[in-house]
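Novice: Following is a predicted model, sequence given first.
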Amino acid sequence: MQKFLLVVLTVFYFSSMHSQEKFTISGTISDKNTNESLIGANIQIRNTKINSITNEYGFYSLTLPKGEYTLQITMVGYQAVEETISLTENRTKNFKLTEENKQLEEIVIYNKPKANIRKPEMSVNKLSIATIKQMPVVLGEVDIIKSLLFLPGVTNAGEGQSGFNVRGGGADQNLILLDEATIYNSSHVFGMFSVFNPDAIKDLKLYKGGIPARYGGRASSVLDIYQKDGNSNKFSINGGIGLISSRLLAEGPIVKEKGSFLFGGRASYAHLFLKLSDNKNSAYFYDLNTKLNYKLNKNNNLYLSGYFGRDIFSLNETFTNTYGNATINTRWNHLFSDKLFSNLSLIYSDYYYGLVLDFVGFNWKSGIKNYNLKYDFKHYLSDKLKLNYGANANYYDFNPGTIKPLNDESSINYRQLEKKFAIEPAAYIDIEQTITNKLNVSYGIRYSQFYRLGASTINHYANTQPVDYDEDLKIYEKGTPIATKYYGRNKKIASYDNFEPRLAIAYEINENQSVKGSYHRMTQYLQLISNTASPTPLDVWTPSDMYIKPQIADQFALGYFNNFKEEKYTLETEVFYKKVKNRMDYIDGADLIANEAIEQVILNGRMRSYGLEVLLRKNTGTLNGWIAYTLSKSQQQTPGRTPTEVGINNGNWYNSAYDKTHNLAITGSYKLNKKWNFGANFTLQTGQPVTYPTGKYVYQGITVPSYNSRNADRLPLYHHLDVSATLTTKQKREKRFKSEWVFSIYNLYSRKNAASISFRQNYETGANEAVRLSIFGIVPSVTYNFKF
């Protein structure tokens with residue numbers, strides 16, 4: 001840590017030595033109507049290439065030579081502001097932006113998304129909540145996670161599947177943050193809907209590559225989501241009523257322009273209709289969002305935010321499944337000077353899974369909790385040099401399972417699977433520097449450590465190999481422990497440390513074109529125990545230890561970016577290559593549930609993915625949207641540990657469960673007039689890899705299928721078309737109440753996409769047959785939204 005601070009101070013010293021007389025203008029940029037801070041607003045010095053972008057709390061800082069300047073402030077969805085200032089001393093200047101008035105007669109709507117040509121940032125996608133709400137979705141539920149699937153390089157395992165996959169990675173390799181707190185399961189109803197209430201969300205950004213050093217802990221991507229702060233100017237309520245769920249959000253000032261609150265709730269009620277028909281099955285969800293913030297003075301702000309969500313699934317009152325996330329985050333923003341911004345956060349995250357089987361008197365509980373203390377700094381040294389640096393420590397508490405009898409009549413005995421504990425400290429520095437007028441770079445490094453801690457009893461195996469290999473049968477089997485060792489509370493069981501370099505370069509060809517390149521290394525110390533293509537609530541997280549190694553991912557990317565036709569259109573193309581060490585694989589017949597010696601069924605393999613991504617976007621006009629196409633390959637390999645072992649799949653590379661060779665997504669919206677707005681989505685993907693039987697044999701009168709190569713087959717081509725129409729009711733200017741009707745049809749031509757294909761023997765004919773399972777056909781829906 002001392003060396004880390006020395007680097008920061010050295011950079012600061014040398015940047016100050018050669019500076020002429022300069023002054024700093026700094027402040028915040030916010031929404032004029034709500035006083036909501038704006039993330040990613042651009043402050044440009046007119047007729048120069050000098051600019052600053054607001055951070056996650058709306059703060060900006062520019063240091064310039066003494067003189068007169070014209071500032072241009074722009075933000076997607078807001079009217080641009082221009083102001084001329086005379087900079088003869090350090091100044092604080094706050095700006096408030098007004099949302100654009102999108103009238104029918106307007107042909108061009110300014111400040112639409114466009115590629116940032118100069119910024120050394122690539123493989124990053126940002127979606128506005130307004131854009132997401134225009135996308136038609138299943139059952140009319142606006143879904144942040146499903147909207148990501150229309151971006152290049154992003155897929156999932158199919159309809160009704162949870163999570164998402166980025167550039168051929170697993171869903172467990174994505175770091176999902178809500179107000180900096182980790183979300184371990186991003187789906188409701190086993191993947192039907194996301195856990196994020198769109199009314200409560202202010203900003204989201206998906207990092208697929210070139211990931212800044214302040215992020216770590218996952219091997220594939222980062223989805224960073226921030227909740228709204230709340231309206232500090234006036235009280236307001238908005239919500240929506242849909243076919244299966246409704247939502248309501250209230251926000252307003254605690255003290256006008258100094259503090260605000262936000263409370264939001266969402267719940268489904270389809271299960272109530274089942275009860276009316278004497279159906280004893282039930283499936284519903286609910287979630288709550290809250291946020292409080294208060295401005296102590298011009299240099300200090302306090303924030304308290306939280307989320308709580310639950311899913312309850314019950315079958316005939318004999319089976320009940322409950323799961324969900326909970327988070328709490330307390331933050332303190334402090335401005336040390338007009339150049340140095342800081343944020344101190346104390347964060348709690350919890351994922352709970354519960355299962356009750358009434359018919360056997362069985363009650364199961366599991367989950368993961370983590371406590372995170374982090375301190376981040378943003379240092380605006382000059383207009384050409386900016387630093388991000390900080391440190392954090394994550395403490396993890398894993399509960400693999402608590403088994404209890406449900407009642408006195410139950411034959412189940414109490415059992416607590418051994419809990420696991422770990423701590424993950426890290427420190428980082430990111431430097432963003434302008435080298436020349438055409439060359440900008442961002443470079444940094446993250447140093448992470450991981451300690452697997454007691455109290456635990458650890459198995460020891462011959463040759464430290466928990467998996468045995470049968471030379472005669474050429475199969476892997478569970479190893480037998482030769483000894484055990486008990487580690488007391490907080491005693492170190494295993495430890496790792498890794499340097500994770502980050503680099504991004506942008507070279508400006510001209511004001512509308514640039515080429516960019518990036519490299520990053522990410523280390524993932526937490527592993528998800530799952531052998532399904534998409535996460536399920538029953539999956540259990542486990543820490544790295546002496547047998548389960550941390551995943552280490554290296555990714556390279558190269559891209560070309562072009563704004564053309566007066567920035568009406570944007571073209572972004574990227575190629576990438578990613579390799580991952582220590583990707584977990586499972587031996588055939590592995591049992592994962594309630595397995596206290598999970599290392600006995602795990603082998604450490606490797607993974608690779610590579611591909612081409614193209615994004616063509618129309619930014620302006622009454623018709624806008626984008627076309628995204630990805631051509632990619634994702635493979636996994638688990639070779640033998642010795643020359644005599646065959647490995648998994650004979651040691652050959654095989655398609656990962658997330659491999660989608662082709663992925664085409666088209667989305668668009670058309671504003672007909674003041675009342676009507678139309679939207680449409682189309683997606684087409686290569687079918688998911690699967691393993692079909694290649695033959696069969698009969699053993700004691702039972703037909704048993706035989707298999708060859710893993711994931712050598714595929715489900716049929718996946719595609720569907722969705723449409724929506726939004727009717728904005730006539731509103732009087734003096735009335736605050738606003739409303740709209742959203743009509744949508746998911747899967748317009750009722751494509752029966754295969755969620756799975758299983759094989760069985762027809763009892764009548766004796767012939768083998770394949771059975772396709774489809775989840776959705778055509779699904780119409782209607783939602784009523786309101787605000788006042």
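Specialist: It's in.

Novice: Run a quick neighbour tally on residue 611.
Specialist: By the criterion of other C-beta atoms under 10 Å, residue 611 has 21 neighbours. Quick note: C-beta positions are derived from backbone N, CA and C, even for glycine.

Novice: Where does it sit, in terms of helix or strand?
Specialist: When secondary structure is defined by DSSP states H and E, residue 611 falls within strand 602-618.

Novice: packing partners for that strand?
Specialist: In this structure, strand 602-618 makes packing contacts with strand 569-586, strand 623-637, judged by 3 or more C-beta pairs under 8 Å, 6 or more residues apart in numbering; DSSP states H and E.

Novice: what about residue 468, distance to residue 611?
Specialist: Distance check for residue 468 against residue 611: by C-beta to C-beta, to the nearest Å, it reads 37 Å.

Novice: Work out the sheet partners of the strand holding residue 611 and label each with its direction, please.
Specialist: Within its sheet, strand 602-618 is paired with strand 569-586 (antiparallel), strand 623-637 (antiparallel), according to DSSP bridges.

Novice: quick revisit: nearest to residue 166, of the helices and strands packed on strand 602-618?
Specialist: strand 569-586 (9.6 Å; C-beta to C-beta).

Novice: The closest one: which residues count as buried?
Specialist: For strand 569-586, burial by neighbour count (16 or more other C-beta atoms under 10 Å) applies to 569-570, 572-574, 576, 578, 580-586.

Novice: From the chain's centroid, how far away is it?
Specialist: Relative to its chain's centre, strand 569-586 lies at 15 Å (C-alpha atoms, centre = their mean, to the nearest Å).

Novice: for that strand, what is the average pLDDT?
Specialist: Per-residue confidence for strand 569-586 averages out to 95 on the pLDDT scale.

Novice: Tell me the one among the buried residues of strand 569-586 nearest to residue 737.
Specialist: Distances from residue 737 to the buried residues of strand 569-586, taken as C-beta to C-beta, are shortest for residue 570 (36.7 Å).

Novice: Surely that closest one touches residue 617?
Specialist: Yes. Under the criterion of C-beta atoms under 8 Å, residue 570 lies in contact with residue 617, with a separation of 4.4 Å.

Novice: ok, back up a step: average pLDDT across the strand holding residue 611?
Specialist: Taken as a whole, strand 602-618 has an average pLDDT of 95.

Novice: got it, and stretch 488-500?
Specialist: Stretch 488-500 shows a mean pLDDT of 95.

Novice: again, but for stretch 143-158
Specialist: Looking at stretch 143-158 alone, the average pLDDT works out to 90.

Novice: so how far is residue 201 from residue 459?
Specialist: Taking C-beta to C-beta as the criterion, residue 459 is separated from residue 201 by 45 Å.

Novice: circling back to that earlier point, tabulate the buried residues of strand 569-586 (TSV), appending distance to residue 284.
Specialist: Below are the buried residues of strand 569-586 laid out as TSV (distance: C-beta to C-beta, whole Å):
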residue	distance to residue 284
569	44
570	41
572	40
573	44
574	41
576	40
578	39
580	37
581	42
582	39
583	36
584	34
585	36
586	33
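
Novice: which one is residue 85 nearest to, not counting chain neighbours?
Specialist: The shortest distance from residue 85 to any residue other than its chain neighbours is 5.9 Å, reached at residue 69 (C-beta to C-beta, 6 or more residues apart in numbering).

Novice: dump the residue contacts of the one you found.
Specialist: With C-beta atoms under 8 Å, 6 or more residues apart in numbering as the criterion, the residues that contact residue 69 are 45-46, 84-85, 87.

Novice: Am I right that it is in a helix?
Specialist: No. Under DSSP: H, G, I helix; E, B strand; the rest coil, residue 69 sits outside any helix and is assigned strand.

Novice: Now do it, the pLDDT please.
Specialist: At residue 69, the predicted lDDT confidence score is 93.

Novice: What residues are bridge-paired with the residue nearest to the spatial centre of the chain?
Specialist: Most central in the chain under C-alpha atoms, centre = their mean is residue 223, positioned 3.0 Å from the mean C-alpha point. For residue 223, the beta-bridge partners are residue 176, residue 206 (DSSP bridges).

Novice: So it sits against residue 208, correct?
Specialist: No. The pair residue 223 and residue 208 does not pass the contact test of C-beta under 8 Å, sitting 9.9 Å apart.

Novice: tell me, what's touching these two both at once?
Specialist: Counting by C-beta under 8 Å, 6+ apart, residue 223 and residue 208 have no shared contacts at all.

Novice: From the contacts of residue 69, keep the buried residues only.
Specialist: The neighbour-count criterion (16+ other C-beta under 10 Å) marks 45, 87 among the contacts of residue 69 as buried.

Novice: Mind checking which of the contacts of residue 69 are in helices?
Specialist: Among the contacts of residue 69, DSSP state H puts none in helices.

Novice: which stretches of this structure have low pLDDT?
Specialist: By pLDDT under 70, the low-scoring segments of the chain are 1-20, 101-115, 160, 273-279, 532-538, 732-734.

Novice: Do you have the helices of it handy? List them.
Specialist: Using DSSP H, the helices of the chain run over 2-17, 129-133, 144-148, 270-276.

Novice: what residues does the second one touch?
Specialist: Meaning helix 129-133. Residues outside helix 129-133 that contact it (C-beta under 8 Å, 6+ apart): 77, 142-144, 147, 198, 201-202, 204, 669.

Novice: Give me the distance from that helix to the chain's centre.
Specialist: In this view, helix 129-133 has its centroid 17 Å away from the chain centroid, taken as C-alpha atoms, centre = their mean.

Novice: Alpha carbons only: can I get it in PDB?
Specialist: Once side chains and other backbone atoms are set aside, the C-alpha atoms of helix 129-133 remain, and they are given as PDB (Å, rounded to 0.1, in the frame of the first residue of the first chain):
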ATOM      1  CA  ILE A 129     -34.100   4.100 -19.200                       C
ATOM      2  CA  ALA A 130     -36.300   5.900 -21.800                       C
ATOM      3  CA  THR A 131     -34.800   3.600 -24.500                       C
ATOM      4  CA  ILE A 132     -35.400   0.500 -22.500                       C
ATOM      5  CA  LYS A 133     -39.000   1.400 -21.800                       C
END
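
Novice: which parts of it are buried?
Specialist: Within helix 129-133, the residues that qualify as buried by neighbour count (16+ other C-beta under 10 Å) are 129, 131-133.

Novice: Could you do the third one as well?
Specialist: Neighbour-count burial for helix 144-148 flags 144-148 (criterion: 16+ other C-beta under 10 Å).

Novice: Contacts made by it with the rest, please.
Specialist: In this structure, residues lying in contact with helix 144-148 by C-beta under 8 Å, 6+ apart are 125, 127, 131-132, 135, 137-138, 154, 163-164, 186-187, 194, 196, 198, 201, 204, 206, 223, 225.

Novice: Select only the buried ones of those in ChimeraX?
Specialist: Buried residues among those (16+ other C-beta under 10 Å), as a ChimeraX selection:
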select :125,127,131,132,135,137,138,154,163,164,186,187,194,196,198,201,204,206,223,225
